[in-house]
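> Provide a 3D model corresponding to the input given below.
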Amino acid sequence: MTGPELEPQIRQLLSERDFAAVKAVLSELETADIAELLAQCESDEQALAFRLLSLEQAADVFSLLPLENQGMLVEHMSQASVADILNEMSPDDRTELLEEVPGELAKRLLASLRGEERAIARALLNYPADSVGRLMTPEYVAVRPAWTVEAVLEHIRKVAPQKETVNDLYVINNEGKLLDHIQLQDVVLAPAGSTVESLMSGPTEEPSLMAQQDQEAAVELFKKYDTQVLPVVDRRGVLVGIVTGDDVLDLQEQVDTEDFQKLAGVTALEDPYFQTSYLKMVVKRLPWLTFLLAAELLTALAIASHEDSMREHIWLLILFMPMVNASAGNVGSQMAGLVIRGLAVQEMKLGDWLRIGLRELRMGLTLGVILAAMAWASAILFGRPWQVAVILVVSMLSALTIANLAGAMIPLALKRIRLDPAVTSAPLIASLMDALSAVIFFGTATVIFHYYG
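Just a heads-up that it's a prediction; the model follows:
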């Protein structure tokens, strides 16, 4: 059974104070299932169950818990227990905790670390926020070219308990510079007496990350090389750590979540939905809604500017205007979403802007012709004057062509000036297209009714 399925049983055993039974049940579960189970329990139940775990198990479970659960457990545990768990945690998971908790608590937690672990934590926290350095762990296995396979295996036996992985071995020189990467299986299968140098692949450059790089670069490199771990080097090429696939998966989830929130017109949330306070949610949503309201005022101004000249036909036109507005907004939002995803997965580059522009100009015209024909049929079906049908055709064709082009170019322009293209949210595109299509619609109507009214 999984953790959530066992929740009622665990809660019952805790209420009965049958701690031996709780410990027996938890010992049969995987670490991830225990973390999922504890996250569902009340704070006092979490604290009770957590104390029943072994130190090694507690450190692994703690690193998998959401931040709010980690903070709660820290408050419920003694200083000595917290120190034991932090010292047992892997450096990358510990860094994530220290950079998320409030500053005063981070200082206390940092002070509770042992000398070597404190030095590692400080070194990782010295890297810029959102850099690969904050994501990496220094728990890797390094070997030298002159070592024999027997020496490598002996070294692995000594250091394995403190390392993140022993499957990937990194060859370094006397200055610590990364030379190559070999697999444990290569060492195991090599003839007795073989040296590490004889197992090296040659002069090809070893794929690696720079410690100062943005974390999102790690995601792209992991996709490119389809690997589970990548080395991290400094500006001199010295090996300083590794980044593992589980950290990249967590990072990808965070990036995707932020992009979805931005596309919905919401400032990125730092905490999960139910852990975000009512006031904070208002603060996150209100700025975009205020901005979009101001953008919609442009639509009202466009209509008001034609009120006097079109007074006789204004209600007739307003009846059909939503067809043009909605279609333009939908087309622009569609296109922006396609380009944002294309940039995210590197299907397209900034240098492709002309190619994309020409393609989407044709696409906009095609969509405009098809929807304009449907709009013409709608006007005729409702028995409206032929002038209205012409206005719909011209404005639909123009607005959709521009909207499709804008949806493609705006994300590229934002990327060019180093802004996140995801801020080209669907509500923003829709609001801008509302204003633009209103100008086109009433401008066309003014011309048509002036000459043929």
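> okay, CA-based contacts and neighbour counts for the rest of this
OK.
> nearest residue to Met433 other than its sequence neighbours?
Gly329 (5.2 Å; CA to CA, 6 or more residues apart in numbering).
> tell me which element the one you found is part of?
Using DSSP states H and E, Gly329 sits in helix 314-344.
> Report the buried residues of that helix.
Buried residues in helix 314-344, defined by neighbour count with 16 or more other CA atoms under 10 Å: 314, 317, 320-321, 323-337, 339-340, 343-344.
> and the next element down the chain from that helix?
Following helix 314-344 in sequence, per DSSP H and E, is helix 353-381.
> For the helix holding Gly329, give the mean pLDDT please.
Mean per-residue pLDDT for helix 314-344: 81.
> Measure how that helix sits relative to helix 353-381, angle-wise.
150 degrees (axes from the mean of the first three to the mean of the last three CA atoms, to 10 degrees).
> pLDDT score assigned to Ala430?
At Ala430, pLDDT is 77.
> ok, for it, nearest residue in space, not its chain neighbours?
Per CA to CA, 6+ apart, closest to Ala430 is Gly329, 3.9 Å.
> isn't Val339 right next to Ala408, touching?
Yes - if you go by CA atoms under 8 Å, Val339 and Ala408 touch, sitting 6.0 Å apart.
> ok, the residue nearest to Leu98 when sequence neighbours are not counted - how many residues close by?
In space, Leu98 comes closest to Ala106 once its chain neighbours are excluded; the distance is 5.3 Å by CA to CA, 6+ apart. Ala106 is flanked by 16 other residues according to other CA atoms under 10 Å.
> Quick one: distance of whichever strand or helix holds Ala106 to the chain centre.
Here Ala106, judged by DSSP H and E, is contained in helix 103-111. Here the centre of mass of C-alpha atoms in helix 103-111, compared against the chain's by CA atoms, centre = their mean, to the nearest Å, lies 27 Å away.
> Restrict it to CA atoms and write it as CSV.
The C-alpha trace of helix 103-111 is given here as CSV (Å, rounded to 0.1, in the frame of the first residue of the first chain):
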residue,chain,number,x,y,z
GLY,A,103,16.9,34.8,7.3
GLU,A,104,17.1,34.5,11.0
LEU,A,105,16.1,30.8,10.9
ALA,A,106,18.6,30.1,8.2
LYS,A,107,21.4,31.6,10.4
ARG,A,108,20.4,29.3,13.3
LEU,A,109,20.3,26.3,11.0
LEU,A,110,23.6,27.1,9.5
ALA,A,111,25.2,27.5,12.9
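> in that helix, what counts as buried?
Neighbour counts over helix 103-111 (16+ other CA under 10 Å) mark 106, 109-110 as buried.
> In TSV: those residues, plus pLDDT and distance to Val439.
Shown next, in TSV, are the buried residues of helix 103-111 (pLDDT from 0 to 100; distance: CA to CA, whole Å):
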residue	pLDDT	distance to Val439
Ala106	79	55
Leu109	82	59
Leu110	83	60
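> Out of those, which comes closest to Met363?
Met363 lies nearest to Ala106 out of the buried residues of helix 103-111, by CA to CA, at 53.5 Å.
> Hmm, that closest one is touching Glu99, no?
Yes - look at Ala106 against Glu99 with CA under 8 Å: they come within range, at 7.4 Å.
> List just the nearest of the buried residues of helix 103-111 to Pro145.
Nearest to Pro145 among these, with distances taken as CA to CA, is Leu110, at 36.5 Å.
> OK, contacts around the closest one?
The contact partners of Leu110, by CA atoms under 8 Å, 6 or more residues apart in numbering, come to 98, 118, 121.
> which stretches of the stretch 351-453 of the chain aren't confidently modelled?
Scanning the stretch 351-453 of the chain for pLDDT under 70 picks out 422-426, 453.
> An error on my part: the question was meant for the stretch 1-150 of the chain.
For the stretch 1-150 of the chain, the stretches flagged by pLDDT under 70 are 1-5.
> other SSEs contacting the helix or strand containing Arg122?
Using DSSP H and E, Arg122 sits in helix 115-125. Contacts defined by 3 or more CA pairs under 8 Å, 6 or more residues apart in numbering; DSSP states H and E place helix 115-125 against helix 91-100, helix 103-111, helix 132-135.
> distance between it and the chain's centre?
27 Å.
> Strands of this structure, start to end?
141-143, 168-172, 178-183, 209-210, 229-233, 239-244 (DSSP state E).
> and the ones you listed as a markdown table, adding distance to Arg114?
Formatted as a markdown table, the strands of the chain follow (distance: least, CA to CA, whole Å):
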| stretch | distance to Arg114 |
| --- | --- |
| strand 141-143 | 22 |
| strand 168-172 | 27 |
| strand 178-183 | 28 |
| strand 209-210 | 28 |
| strand 229-233 | 25 |
| strand 239-244 | 20 |
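> Please name whichever of those strands is nearest to Leu65.
strand 239-244 (18.4 Å).
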